[in-house]
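Peer 1: sequence first, predicted coordinates after that:
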Number of protein chains: 2
Amino acid sequence: MRFPLDWQARALREDGPSPWFPARVPGNVQYDYGRMMGWGDINYAENVTLFEQTENYTWEYRAALPSACAAGEQAFFVAEGIDYRFDLLVNGVLRKSHEGMFTRVEIPLQPGDSELTVRIHPHPKSSRSAFADRAQAQDSVKPPVCYGWDWHPRMLVSGIWQEAYVETRTADYIARCEPFYTLSQDLTRADIRFEVDCAAPVEIALFDPDGNPLGTGDCFVLENPRLWWCNGQGEAALYTYVARTAGHRVTGRFGLRNARLVMTQGAWDEPSRFPKGRSVAPIQLELNGRRVFAKGSNWVNPDIYNGHIERQRYETLVHLAHDAHMNLFRCWGGSGISKQAFYDCCDELGIMVWVEFPLACNCYPDDAHYLSVLEQEAGAILRSLRSHPSVVLYCGGNELFNNWSMMTDQSLPLRLLNKLCYELDPKAPFLMTSPVFGMAHGGYTFYDPDACCDVFTLFQNARNTAYTEFGVPGITDLESLRQIIPPGELFPIQNRGSWPLHHAFGAWGDERWLCRDVLERYAQQPLDSLQKLIDLSTWLQCEGYKAVFEEARRQAPYCAMAVNWCYCEPWITAAGNSLITYPTKAKPAYYAVQAALRPVMASARIPKFDWKAGETFTAQLWLLNDTHRSAQLHVEASLRLGDTTYPLLCWNSGEADENRIGPSVNWVLPDVCATEMTLVLDAGEYSSEYRLCYRSRGEQRVSRQLNV
Amino acid sequence: MRFPLDWQARALREDGPSPWFPARVPGNVQYDYGRMMGWGDINYAENVTLFEQTENYTWEYRAALPSACAAGEQAFFVAEGIDYRFDLLVNGVLRKSHEGMFTRVEIPLQPGDSELTVRIHPHPKSSRSAFADRAQAQDSVKPPVCYGWDWHPRMLVSGIWQEAYVETRTADYIARCEPFYTLSQDLTRADIRFEVDCAAPVEIALFDPDGNPLGTGDCFVLENPRLWWCNGQGEAALYTYVARTAGHRVTGRFGLRNARLVMTQGAWDEPSRFPKGRSVAPIQLELNGRRVFAKGSNWVNPDIYNGHIERQRYETLVHLAHDAHMNLFRCWGGSGISKQAFYDCCDELGIMVWVEFPLACNCYPDDAHYLSVLEQEAGAILRSLRSHPSVVLYCGGNELFNNWSMMTDQSLPLRLLNKLCYELDPKAPFLMTSPVFGMAHGGYTFYDPDACCDVFTLFQNARNTAYTEFGVPGITDLESLRQIIPPGELFPIQNRGSWPLHHAFGAWGDERWLCRDVLERYAQQPLDSLQKLIDLSTWLQCEGYKAVFEEARRQAPYCAMAVNWCYCEPWITAAGNSLITYPTKAKPAYYAVQAALRPVMASARIPKFDWKAGETFTAQLWLLNDTHRSAQLHVEASLRLGDTTYPLLCWNSGEADENRIGPSVNWVLPDVCATEMTLVLDAGEYSSEYRLCYRSRGEQRVSRQLNV
């Protein structure tokens, strides 16, 4: 039996304790405090900065403990997760001190235990960091994102972020019931066994994905089991079990699948010449023996208040990914680990999950205290996730082998994580970080000033086994902007106040993520209204994302992953790379990506975005097909320019169960009065369109005069 | 007390057991059997092929057990290593079955135990391999080299290869006494503690490197300890301890040092552009806070008969390396692990040791049996090596991430080894394999037909953090050849019989390692005698090795290692890449390498080996200095050509405690009657000479006519 508690909280400030205020659990104490203080929606204007003053507060939660035990029962206080360093006191006496938000904690209760206090200490701030930035998180397992990121305001949330309750247990309480299985090589047989921690005999009943009973026992052999497949490749079949004693009952689900990382095709052929290095690292996901091109996005915390996310939010977001033909989330380490409901949704909808431990862009140390907390937290994470069929890959953390982090293959935290993954989930692949050799992250803008080219060109000249971060920024829609920017600041846009706080300026260099420099490069009219800026920015974001996703797919089978930065956002940003505006609003770019990820589609490799009258326009036609099933295209390619549609060519692809390259268009662009043109690939349900920049001779003269 | 045993052995053949014959222990039973059969020296002619018929024999050793125990004692049979799968029987009754040659085994003996039998099974041959080659070793932890390599004949040796004896133990026997230490950050303080396994109290006395007593206890604090340094960087200081109970005494040595792998200088600056991969893996050895350029060679088993190697052989070979200014052996995994005496010699002479586990050029499997034997063997190896100061690096095995092996970062054997090293020797760096990202292996010839250039050019165009294998082959000296090639086969050389068996042909493609194709490229006279072939081949080997070692040093600090393939050889090869002819004879190439590894020296980057009259000869002058101490050169550079020495330039380097680049020579080569020329850098003790190929105009005409 579980008993919810009625919580209050207070801040222990330098000037003494605040009044007690009602506290939401699961939740974040900063939210409750801000409500009491009348600080308003953190999304709006500069409200979030009010919370800086609370960073060094100690927080206390309190709740009355029920006298809940019947005869033969033992009561426990259980917290599934408390963020991040805390003490548990009963009747004012310390019972437990703990560091780490991903480990479930519990303490036994005695008769007479009447009041529980949870005292939460201020978040760690590394003494190795001189600045109030992410490096303050480098000595702890607290996810660093809340220390501030280029798309996340600084906001050190803490609190009882997961369920917390009193539970009474009988002697036959089932502490753990966990399924393990092996699939035969040919996938026609599953051997399932359950591991159980319980003082009494447990009866386990197994049910097939339709709910039909398969018998009871603790070992099962299934002939021709229904496999778990990711979105686009088959059914995400889930088996159910019910474990039961006289006094306790536990249920769970699991899926049967083999997931591995194998070499992408062609990768073993390199390097070819002496002196010869190693071949690249394997990054092709193979599910049930089938190579799967991973299409997806980087999942970040979908709310600043990690405690406020409930199943409904996960469901909406995961459904959107499913509907965009995605099959993978890379759950970025900087944001930490989601609640169980997230993985449940991914199990159900066939979204594979790449789980990253809470390390990102820092140099986490080899010291004993950090390693011991990491071992505890990673162990808890692994035990809680390993039976989810969606969890196909663990990773040590984000960009740790680059010069802004400076960890290496020798760093003990990563060697420890390898060891723990090997011990606790040996069949699952493990990457020390992303990117590893062969993979790449970035770029993050439509136009790259170092490479002097746009994303079309940049990615066509790249050759990587996986693109696991790439971004094209856009300005947020006007309605959402009005929720965060006060009316007086909306236009003209200025680099002070709400715009930069919401990442329009100064997030990464001066001009990110609004990207005035890039917008001006493509503008053919004065950008004299906010809507014009939004429209141009949205155009670039849509076409840029399509270009990269489709190019990565065209680079298969050497390339095996296209995962953009990023999927969702934790609050409403003024501009940024996400596909979804907080909390769950699909951007136009979401629909562009949805189009670019259709399992079968016509695609064009277009060498660049902007074209001029008199130039020879070229585009290479492709059939994209990642279904492993046969498909065929009949494409009529044409160019819409001004009022005219110019037919270019017809192509019948023939039957193919993989990508197929088609003919190329070559066509001299006429001089007409227009600022854009659209390449149309008319192929029924597989049709695609590319809306490109066009400059007439007159416009080119103007540009030269303006020195653009 | 230890009691040696008197051993006999026999073969259990298909036609019944052979007679018993005397057996050398430590040793290899094939040697004893061959002696009984009168098969002669395995180095000579094709004798080694006689042993193929013994591959599937089971072997038995037997020895009478002494009645050795006094009251209160327990007797054990102890074997430090038996190669590879075996049973131990006492009085005909099975007492123990075991797989693995690197784990010490022991069985307790009882009164009445009078005869011991060691029954050794045939070596494993993987069912996944269709051919009699190294792939037969892919399911076992038997070092694969004896299955045949391009420089090692197939010869499946087995036997009691390490010490084996009866030992009587009192109750206060010291099963283990092992030192552990930490050095303070500034290296001014060492905290030493001993871990002891003993049922009685143990007194441990510590002595400084000069033998002065430092007291007794099990924890020691040393102020300003004497550190262990590698050759060329300081003293290889060794502390001694004596652990004692009433009935037992154990002594040992250890050194105090910190060893790490860090990024080479400049490596963090890359990659610079999006899409951006990871930075290379760290490979710079840092010893006691000082970056050390690793100069060394690949150690392979110095005898086919691994059981016959004794301390004297190790001593001679390690001394030669020391005298050649080497500071590192990469102990190649294919050959397995040496006896303790090897590491003792390296401890004493300051040769750092890169230990590779017994995996090489195969795809070792993820299966449970293999992993369990690997875990046992690797654990035993780690426990036996971790207190040697010379052991600075562990590595999973050789070239496992290349397409002739096809293991990856995800392979469970390598993840297991990473885990075991983390658990048992966490301060020591661990590489999954060599090469990892940034490093390179090869080439192995003087002229590379794919790159169409010689080793001078090839390595000047390469850019790697470490060159941990590269080879330039040479033909063996005439005296040694006479020990292996019957007089009638010596000349003209033919591709049948003893020459190919001794790796002159067919070792790696048709022409390796004699390399007729390469020799003919540089010959300016008919190669009509064996001595002419040897002289030309030796010239190329000497100049080739100098060119690569010096170029790798010039590429510091981005490059951190130059380790050639290979150092010694297990029998007399007819041609090959080693610096030492079996057993301990330094080749001319050894002395060339010795010159190229002098801590301070004048060096020239010469773009290629062969030059023509009329060409502009160029060479870039360098001061090489890896001592971290200041040095200065005054160089007079000149060219000896025909009878004339042409002065080219003088350079005063100024003081430098690292490498320094100097001026370049540019000089049009005159047409004289000569076939070689020598660049002389006259700089006193730091002088260097480079003997290069020269072609007069007359010679060039001949070459054109011959279409060379």
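Peer 2: The structure has been received and is ready for your questions. Numbers count the residues shown, from 1 in each chain, chains lettered A, B, ... in the order given.
Peer 1: okay, CA-based contacts and neighbour counts for the rest of this
Peer 2: Will do.
Peer 1: what about the residue of the stretch 451-600 of chain A found nearest chain B, how many neighbours?
Peer 2: For the stretch 451-600 of chain A, the residue closest to chain B is residue A:462, as judged by CA to the nearest CA, at 7.1 Å. Neighbour count for residue A:462, taken as other CA atoms under 10 Å in any protein chain shown: 16.
Peer 1: quick one, what contacts the nearest residue to it once chain neighbours are set aside?
Peer 2: Spatial nearest neighbour of residue A:462, excluding adjacent residues (CA to CA, 6 or more residues apart in numbering or on different chains): residue B:275 at 7.1 Å. For residue B:275, the contacting residues are A:440-443, A:459, A:462, A:467, A:470, by CA atoms under 8 Å, 6 or more residues apart in numbering or on different chains.
Peer 1: at 6 Å what do you get?
Peer 2: Contact analysis of residue B:275 by CA atoms under 6 Å, 6 or more residues apart in numbering or on different chains lists A:440-443.
Peer 1: distance to chain B, secondary structure and neighbour count added to those, as TSV?
Peer 2: Shown next, in TSV, are those (distance: CA to the nearest CA, whole Å; DSSP: H, G, I helix; E, B strand; the rest coil; neighbours: other CA atoms under 10 Å in any protein chain shown):
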residue	distance to chain B	secondary structure	neighbour count
A:440	4	strand	24
A:441	5	strand	25
A:442	5	coil	19
A:443	5	coil	22
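Peer 1: need the residues that contact stretch A:93-100.
Peer 2: By CA under 6 Å, 6+ apart, stretch A:93-100 touches A:84-89.
Peer 1: can you rerun that using 10 Å?
Peer 2: A:81-90, A:105-108, A:115-121, A:140-142, A:373-374, A:376-378, A:380 (CA atoms under 10 Å, 6 or more residues apart in numbering or on different chains).
Peer 1: and the residues you listed, which of them are in strands?
Peer 2: A:85-90, A:105-108, A:115-120 (DSSP state E).
Peer 1: pretty sure residue A:693 contacts residue A:676?
Peer 2: Yes. Here residue A:693 reaches residue A:676: they are 4.5 Å apart, a contact under CA atoms under 10 Å.
Peer 1: what sits in contact with each of the two?
Peer 2: With CA under 10 Å, 6+ apart as the test, residue A:693 and residue A:676 both reach A:524, A:610-612.
Peer 1: which of those scores worst on pLDDT?
Peer 2: Least confident of the shared contacts of residue A:693 and residue A:676 in the model: residue A:524, at 93.
Peer 1: just to revisit the earlier point, can you pull the pLDDT of the residue of the stretch 451-600 of chain A closest to chain B?
Peer 2: 98.
Peer 1: got phi/psi on the residue nearest in space to the middle of chain A?
Peer 2: The residue lying closest to the centre of chain A (CA atoms, centre = their mean) is residue A:299, at 1.1 Å. Backbone torsions for residue A:299, taken as degrees, to the nearest 10, come to phi -80, psi 130.
Peer 1: same thing with residue A:47?
Peer 2: phi -50, psi -40.
Peer 1: spell out which residues sit in contact with it, please.
Peer 2: Residue A:47 touches A:34, A:39-41, A:484, A:498, counting by CA under 10 Å, 6+ apart.
Peer 1: how about the helices in chain A?
Peer 2: A:29-37, A:311-323, A:340-349, A:368-385, A:412-424, A:455-460, A:478-482, A:498-501, A:516-522, A:530-554, A:588-596, A:697-705 (DSSP state H).
Peer 1: out of those helices, which is the most enclosed?
Peer 2: Ranked by mean neighbour count, the helices of chain A are led by helix A:498-501 with a mean of 24 (mean count of other CA atoms under 10 Å in any protein chain shown).
Peer 1: for residue A:699, see how far away the residue nearest to residue A:642 when sequence neighbours are not counted is.
Peer 2: Distances taken as CA to CA, 6+ apart place residue A:674 nearest to residue A:642, at 5.4 Å, with adjacent residues excluded. Counting by CA to CA, to the nearest Å, the separation of residue A:674 from residue A:699 is 9 Å.
Peer 1: kindly report the same for residue A:425.
Peer 2: 60 Å.
Peer 1: closest to residue B:241 out of the contacts of residue A:47?
Peer 2: Using CA to CA, residue A:34 comes nearest to residue B:241 of these, at 64.6 Å.
Peer 1: list the contacts of that closest one.
Peer 2: Here residue A:34 is in contact with A:40-42, A:47-48, A:50-51, A:54 (CA under 10 Å, 6+ apart).
Peer 1: how near is it to chain B?
Peer 2: Distance, residue A:34 to chain B, by CA to the nearest CA, to the nearest Å: 41 Å.
Peer 1: ok, now residue A:419?
Peer 2: 5 Å.
Peer 1: equivalent analysis for residue A:602, please.
Peer 2: 25 Å.
Peer 1: and for residue A:396?
Peer 2: From residue A:396 to chain B the distance is 13 Å (CA to the nearest CA).
Peer 1: give me the neighbour count for that residue.
Peer 2: 26.
Peer 1: pLDDT score for the residue nearest to it when sequence neighbours are not counted?
Peer 2: In space, residue A:396 comes closest to residue A:432 once its chain neighbours are excluded; the distance is 4.5 Å by CA to CA, 6+ apart. pLDDT for residue A:432: 98.
Peer 1: again with residue A:137
Peer 2: pLDDT, residue A:137: 97.
Peer 1: check residue A:707 too.
Peer 2: So residue A:707 comes in at 48 (pLDDT).
Peer 1: same check on residue A:316?
Peer 2: 98.
Peer 1: so who does the nearest residue to it once chain neighbours are set aside touch?
Peer 2: The shortest distance from residue A:316 to any non-neighbouring residue, by CA to CA, 6+ apart, is to residue A:584 (7.1 Å). Contact analysis of residue A:584 by CA under 10 Å, 6+ apart lists A:302, A:313-314, A:316-317, A:320, A:568-569.
Peer 1: follow-up on the earlier one: specify which member of the contacts of residue A:34 is nearest to chain B.
Peer 2: Using CA to the nearest CA, the contacts of residue A:34 come closest to chain B at residue A:48, 32.6 Å.
Peer 1: the closest one: neighbour count?
Peer 2: 18.
Peer 1: so the residue of the stretch 451-600 of chain A closest to chain B sits against residue A:555, correct?
Peer 2: Yes. Taking CA under 10 Å as the definition, residue A:462 is a contact partner of residue A:555 at 9.5 Å.
Peer 1: on that earlier part again, and the contacts of stretch A:93-100, which of them are buried?
Peer 2: A:81-90, A:105-107, A:116-121, A:140-142, A:373-374, A:377-378, A:380 (16 or more other CA atoms under 10 Å in any protein chain shown).
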